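Undergrad: take a look and give me a structure for this.
(chains A, B, C and D)
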Number of protein chains: 4
Amino acid sequence: MGKGRMEAFSDGVLAIIITIMVLELHAPHETDIAALRPLLPVLLSYVLSFVFLGIYWNNHHHMLACTRRVTGVILWANLHLLFWLSLVPFATGWMGGNAFAAFPTLVYGVVLLMAAIAYWILQQLIVASQGPGSLLRRAIGGDWKGKVSPLLYLAAIAATFWSRWVAMAIYVLVALIWLVPDRRIERVLAEPG
Amino acid sequence: MGKGRMEAFSDGVLAIIITIMVLELHAPHETDIAALRPLLPVLLSYVLSFVFLGIYWNNHHHMLACTRRVTGVILWANLHLLFWLSLVPFATGWMGGNAFAAFPTLVYGVVLLMAAIAYWILQQLIVASQGPGSLLRRAIGGDWKGKVSPLLYLAAIAATFWSRWVAMAIYVLVALIWLVPDRRIERVLAEPG
Amino acid sequence: MGKGRMEAFSDGVLAIIITIMVLELHAPHETDIAALRPLLPVLLSYVLSFVFLGIYWNNHHHMLACTRRVTGVILWANLHLLFWLSLVPFATGWMGGNAFAAFPTLVYGVVLLMAAIAYWILQQLIVASQGPGSLLRRAIGGDWKGKVSPLLYLAAIAATFWSRWVAMAIYVLVALIWLVPDRRIERVLAEPG
Amino acid sequence: MGKGRMEAFSDGVLAIIITIMVLELHAPHETDIAALRPLLPVLLSYVLSFVFLGIYWNNHHHMLACTRRVTGVILWANLHLLFWLSLVPFATGWMGGNAFAAFPTLVYGVVLLMAAIAYWILQQLIVASQGPGSLLRRAIGGDWKGKVSPLLYLAAIAATFWSRWVAMAIYVLVALIWLVPDRRIERVLAEPG
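TA: Sure thing, here's the model as predicted:
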């Protein structure tokens, strides 16, 4: 079974998720600069989630570039990932609309953690389906980013009981870790043969 | 007439339907864990509908993998299916937002029943268009899942007059029946020739 | 310039337009059958607009099947068509939410009329770009449906001053005219060569 | 890395952005012609933003027609462009919903300016990735439109302190500059070889 429609469907869902978040940015009734003040945390959490969803789209893109065929189980693991990502707009809106209150900031971390776990499951299933000599396994190598991210999310979730700003700093740190270009997959794909 | 745009349009509509359901999950005004309590039925009905739409997308994917050409009548049968699926967010929101009240739970079953019938019509039209020796007919075989699902939906609809929890249990049962991997189509497609 | 992205973008916009209309179907607060009564005109106008957008998608699909290359002017004529179609959810919601009141029913007709004109302009530009022996011109032939529809929309718009039900009947008539299968394009495409 | 999914994702996001703007056109409660009066500025700003997003989609289409391969940095520059474009519905709704009040009209200009800068960055990165003899560099030539647009946006932003109508006139002027057909890219693509 080809991967074309799984890519197309994932692109569609991710495009919608990333875009409906902006509906949380309600146009204020006033028309002066002060009216934008309360929107600032909403905008900042939108930027953060936009970056996270961009990272997922990017990584998903690279992962499927290393994949030839998909099975029914892989289709469902992909839907499982999309499910957790579909909760990002809710968590973003709750956190941003309440100026990064502690509990919504915790929930935001839980959603990110579950999405990271879902991504890891999907990756493992694709590697397993490719058997020994899996192209994707070679491409991800030690996958230290994939291993350290869930730990950082857990740390951020715990930190919300102490300081929500520490939690936010950890979220930003995870985003930065992934934003730093990672040439592994591009290198493996460029190998002869 | 190629099937490419019918696939692309269906993917787009299904991606949007599956994603706008999450807009029913309104971020609460409070920021403590108690604020999530009233959202629980909304979340649970979202999960159920997400799984149902995932099943439809998955089956649609497999069905079109057995289809080469589409006619005008098939395009309309596909739109008919998408119409009933487009009512799923409404039924989900009404049922979830009222903690699985009896009548909305009945309406949810009616929408699922109509979608199942629309899927069956689409499948029959594709089989008919392929003539004797239809690849899709071989792939679906006895299609016991397709035959038993409408009966179960009818049972669930009737059960709402007695106990909505029985109705919900039947809906979950139908989802589980379809989630169990079904290798028929993958097997037929893998046959030589 | 290839037509692939114009098809993909049109499919995306049409899929979103057809789907966001369903957001007008607000889940009622009550949970009995009487709560569905006020939703009936909303649902009926949704069905009508779903059919109209389905017809446009279907015809667009067939038109582009007769098209090889697109120019900048054709891209803009296509966006012009999508603009008028994007107003369909507004007109549908206003008409359905007010139980087919006269003026919203008139506005609905104006939007359909403008979309029909935009479709005609797009079709003429594609025919012109194909030069003499245009495949699309052969496929559409006398195009009596394309010619009679704007006249019927005008009649419906005028009828709203007298009886909104006559106007609605004319809208349904136009939809039925287009729903009747039309084998012209499929026949021309099937010709040898 | 192929450009197919970047195109598909961009098409999806642009299709959603262009379509959700229409959700700002709330159906009024009254049903007479006077009820449409307050919607006029909303509709006009929707038309303007529809044209701007159409221009971006068109130019993006042409730019990628001159691009063969994309890198991770280009994927992110594309997401950066989509981010600023995703703020267009917010700015459009705020400006249109307040009858072109001065400060929202300024914010609208800022969003357009940032999108123009993001587009320019994306274009430069693609040109740089193609090395000397870049097809895209030949296609855009002196790129006077790309250079003059940010200056005009800055002028419009400044003009909002004096007259919002001058600012609006400048926005319309920029749209007209881009709407005038530009055969550069089509010419270069049509060159032999």
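
Undergrad: what's the first helix or strand after the helix of greatest length in chain A?
TA: The longest helix of chain A (DSSP state H) is helix A:102-130. Remark: after helix A:102-130, the chain's next helix or strand is helix A:135-140, criterion DSSP states H and E.

Undergrad: next one: that following helix to chain centre, how far?
TA: Chain-centre distance of helix A:135-140: 20 Å, with CA atoms, centre = their mean, to the nearest Å.

Undergrad: I would like the residues contacting the following helix or strand past it, please.
TA: Sequence-wise, the next helix or strand downstream of helix A:135-140 (DSSP H and E) is helix A:144-159. Residues outside helix A:144-159 that contact it (CB atoms under 8 Å, 6 or more residues apart in numbering or on different chains): A:106, A:109-110, A:112-113, A:116-117, A:119-120, A:123, A:140, A:166-168, A:170-171, A:173-174, A:177-178, A:182. Where C-beta positions appear, they are placed from N, C-alpha and C, glycine not excepted.

Undergrad: what parts of chain A come near chain C?
TA: residue A:12 (CB under 8 Å from any CB of the partner chain).

Undergrad: what angle do the longest helix of chain A and helix A:144-159 make?
TA: With axes from the mean of the first three to the mean of the last three CA atoms, to 10 degrees applied, the angle from helix A:102-130 to helix A:144-159 works out at 160 degrees.

Undergrad: and helix A:102-130, is it in reach of chain B?
TA: Yes. Using CB under 8 Å from any CB, helix A:102-130 reaches chain B at A:102-104, A:107.

Undergrad: which of the residues you listed tops the neighbour count?
TA: The most neighbours of any of the residues of helix A:102-130 next to chain B, using other CB atoms under 10 Å in any protein chain shown, belong to residue A:104, which has 29 neighbours.

Undergrad: return the helix or strand in chain A with minimum mean pLDDT.
TA: Between all helices and strands in chain A, the lowest mean by mean pLDDT, DSSP states H and E belongs to helix A:184-190, at a mean of 66.

Undergrad: may I see the residues of helix A:102-130 next to chain B arranged in a markdown table, with distance to residue B:155 as well?
TA: Formatted as a markdown table, the residues of helix A:102-130 next to chain B follow (distance: CB to CB, whole Å):
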| residue | distance to residue B:155 |
| --- | --- |
| A:102 | 46 |
| A:103 | 41 |
| A:104 | 41 |
| A:107 | 37 |
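
Undergrad: any chance of TSV for the residues you listed, columns pLDDT?
TA: Shown next, in TSV, are the residues of helix A:102-130 next to chain B (pLDDT from 0 to 100):
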residue	pLDDT
A:102	95
A:103	96
A:104	97
A:107	97
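
Undergrad: nearest residue to residue A:50 other than its sequence neighbours?
TA: When the adjacent residues along the chain are set aside, residue A:50 lies closest to residue D:83, with 5.6 Å between them (CB to CB, 6 or more residues apart in numbering or on different chains).

Undergrad: thinking again about what came up before, helices or strands up against the longest helix of chain A?
TA: With contacts taken as 3 or more CB pairs under 8 Å, 6 or more residues apart in numbering or on different chains; DSSP states H and E, helix A:102-130 sits against helix A:40-65, helix A:72-86, helix A:88-97, helix A:135-140, helix A:144-159, helix A:164-179.

Undergrad: poorly predicted segments of chain A, please.
TA: Where chain A drops to pLDDT under 70, the residues are A:1, A:181-193.

Undergrad: that older thread, list only buried entries from the contacts of helix A:144-159.
TA: With neighbours counted by 16 or more other CB atoms under 10 Å in any protein chain shown, the contacts of helix A:144-159 contain buried members at A:106, A:109-110, A:112-113, A:116-117, A:119-120, A:123, A:140, A:167-168, A:170-171, A:174, A:178, A:182.

Undergrad: count the residues that sit near the residue of chain A found nearest chain B.
TA: At 3.2 Å from chain B, residue A:12 is the closest residue in chain A, using CB to the nearest CB. Neighbours of residue A:12 under the rule other CB under 10 Å: 29.

Undergrad: may I see the buried residues of stretch A:16-29?
TA: For stretch A:16-29, a neighbour-count test (16+ other CB under 10 Å) marks A:16-22, A:24-25, A:27-28 as buried.

Undergrad: quick check: residue A:140 touching residue A:123?
TA: Yes. Judged on CB atoms under 8 Å, residue A:140 makes contact with residue A:123 at a distance of 6.9 Å.

Undergrad: which single residue in chain A comes nearest to chain D?
TA: The nearest approach of chain A to chain D comes at residue A:15, 3.2 Å away (CB to the nearest CB).

Undergrad: for that residue, what is the enclosing helix or strand?
TA: Judged by DSSP H and E, residue A:15 forms part of helix A:4-20.

Undergrad: and the angle for that helix with helix A:40-65?
TA: Orientation note: helix A:4-20 sits at an angle of 170 degrees relative to helix A:40-65 (the same axes, to 10 degrees).

Undergrad: so what secondary structure elements neighbour helix A:4-20?
TA: helix A:40-65, helix A:72-86, helix A:88-97, helix B:4-20, helix B:40-65, helix D:4-20, helix D:72-86.
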